[in-house]
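1. Here's a sequence, model it:
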Amino acid sequence: MRKILSLFVLSTLFSCGSDDSSTPSTPEEQMYFPPIGSTTWETKTIESLGWNQSQVQPLLDYLEQKNTKSFMILHNGKIVMEYYFNGHTASDTWQWNSAGKTLVATTTGIAQQENLLNINNKVSDYLGTGWTSEPLTKENMITSRNLLTMTSGIDDASDFVITSNLTYLADANSRWSYHNVFQKLMDVVAAASNQTFETYFNAKLKDRIGMDGFWDNGIIYKIYNSNTRSMARFGLLALNKGKWNNTQIINESFFNESITTSQNINPSYGYLWWLNGKNSFMIPGEQTQFTGFLVPNAPAEMYAAMGASDQRIYVVPSKKIVIVRMGNASDPSNPNFALSGFDDALWIKINAVIN
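-> Model (predicted):
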C-alpha cells in the first residue's frame, strides 16, 4: 500500500490574480531551496506545470510493482510528487549504494578547492607507497583523478578493497573499469584533511545543505544511508551546479568537470556521475562498448547518480527537475549493477507525466 505524503495546491499563487486581463505575465520563478534544519519544503501541483495528471497513476502503479520504497520529483526545487510505498516513510533511511559515489566525488572536489589536495597528484602522495599490491612504478601512475574516473587499471576481479586485492591489470588511464577502489578517495580526503572522511563530509557538505544520514560499513564498501528528502537535497545541489541558495558549496568548474566525459574510453562517465546523451557507454562488469545513449528514453542532457538495486538521482537542467527513486531492486534477479533496463522503462512512464 502506498502512502501519499504531499501533492498540494499552492492556492495563494493561483487564486489571488487580478481581474485585469492586461496584467503582465508572472516573472520566472526563482529556484527554491528548503530551509536548513527544517522539515518545511514548499510544493507545487502537477496542474500548475501543465503536466498530465492522468498519467500519474500508471507511473505510481509501475513504481509499486517494481519494489520502490520512495519516489520524488522536484521542479525548481519545489516538491511536485512525493510518494512512499509498502510501509516506507519520509523519516526512514535507505542505502544509496553506488549512487553515493557522487557524494565522494563532490567531497573530493571541496577538498581540492580548499587546497588540501590536487586530484592530478598521485594517490601515494597522500596515502604513502604500498597502498596497493602493484609494482611501485605502476602504483605511482595512479592519481586521484584515476579513482574519480574508474581508470586506475587496478584488477577488478574482486570488489573487496583490501591491499592484497589491489593488483596490477593495466596502466592507469588505459582501461575503464567500474570498481570499488574509488573508496580510496575517502582515505585521500581523510589524510589530506587530517580528520575522518565522515567528519569532513559532514562539515563541508552534509550539514551545509541540510541532509541527514550516515556512512556505514557495507559488506563490500562504505555505503551512505539517508531519508529520501536528503537524497533530493543533494540532487538539488547538483541541479544548481554545486550552489545552494547563495552559497557555492563546490565550485562550479569542478562540478562541470564531474558531469563531463572524463576520459576517452567510456564517454558516458564523468567523476563518478553517469552521463546520458553520449554516442556510447560501458556498464559495470564488462569491457563492451555499447552504441547509443545510456538511457534512450531520458533527456540527452540528463546526468545521474546510480546505485545497485536501482537507487537513482536523475537531474535534467533544462526542465529544472530532480527525480529520486529509492527501493529494492526492480528486478530481484539482477540487483547488483548500477545500470539496469529499469531506467529506460521508468522514463517512458515519467515522460508521459511531464511532457
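2. and T106, helix, strand or coil?
-> helix (DSSP: H, G, I helix; E, B strand; the rest coil).
3. you'd agree it is up against G242?
-> Yes. The criterion here is C-beta atoms under 8 Å, and T106 meets it with G242 at 7.5 Å. Heads up, the C-betas are built off the backbone N, CA and C, glycines and all.
4. Next, show the common contact partners of those two.
-> 249-250, 255 (C-beta atoms under 8 Å, 6 or more residues apart in numbering).
5. For Y62, which non-adjacent residue is closest in space?
-> K349 (5.1 Å; C-beta to C-beta, 6 or more residues apart in numbering).
6. List the neighbours of the host helix or strand of that neighbour that are in contact with it.
-> Secondary-structure assignment from DSSP states H and E places K349 in helix 342-354. Helix 342-354 has contacts (C-beta under 8 Å, 6+ apart) with 46, 49, 51-52, 55-56, 58-59, 62-63, 66, 73, 294-298, 306, 310, 312, 319, 321, 323, 325, 330-331.
7. try 7 Å
-> When contacts are defined by C-beta atoms under 7 Å, 6 or more residues apart in numbering, helix 342-354 is touched by residues 51-52, 55-56, 58-59, 62, 66, 295-298, 310, 319, 323, 330-331.
8. Restricted to helices, list the residues you listed.
-> 56, 58-59, 62 (DSSP state H).
9. Quick check, pLDDT for the residue nearest to Y62.
-> Per-residue confidence (pLDDT) for K349: 98.
10. can you check D156 too?
-> pLDDT, D156: 92.
11. any idea how far W274 is from it?
-> 18 Å (C-beta to C-beta, to the nearest Å).
12. Now do the contacts for the spatially most central residue of the chain.
-> A centroid search over the chain (C-alpha atoms, centre = their mean) returns A305, at 2.7 Å, as the residue closest to the centre. Contacts for A305 (C-beta under 7 Å, 6+ apart) come out as 99, 102, 273, 313.
13. in the sheet, who's paired with the last one?
-> This points to I313. In this entry, I313 is beta-bridged to A305, V324, by DSSP bridges.
14. for it, what are its contacts?
-> Contacts of I313 (C-beta under 7 Å, 6+ apart): 99, 231, 234-235, 304-305, 322, 324.
15. For it, give its distance to A99.
-> Counting by C-beta to C-beta - I313 and A99 are separated by 6 Å.
16. what's the answer for the third one, then?
-> Look at W273 and A99: by C-beta to C-beta, they are 10 Å apart.
17. neighbour count winner among those two?
-> A99 (30 against 26; other C-beta atoms under 10 Å).
18. so how far is Y178 from the nearest residue to the more buried one once chain neighbours are set aside?
-> Nearest in space to A99, with sequence neighbours left out and distances taken as C-beta to C-beta, 6+ apart, is G307 at 3.5 Å. Counting by C-beta to C-beta, the separation of G307 from Y178 is 12 Å.
19. about what we covered before: neighbour count: T106 and G242, which is higher?
-> T106 (25 against 22).
20. Report how many residues lie close to the closest residue in space to the more buried one that isn't next to it in sequence.
-> Excluding the flanking residues, the one nearest T106 by C-beta to C-beta, 6+ apart is I250, at 5.3 Å. When counting by other C-beta under 10 Å, one arrives at 24 neighbours for I250.
21. okay but I250 is in contact with G242, surely?
-> Yes. Using C-beta atoms under 7 Å, I250 is in contact with G242, at 3.7 Å.
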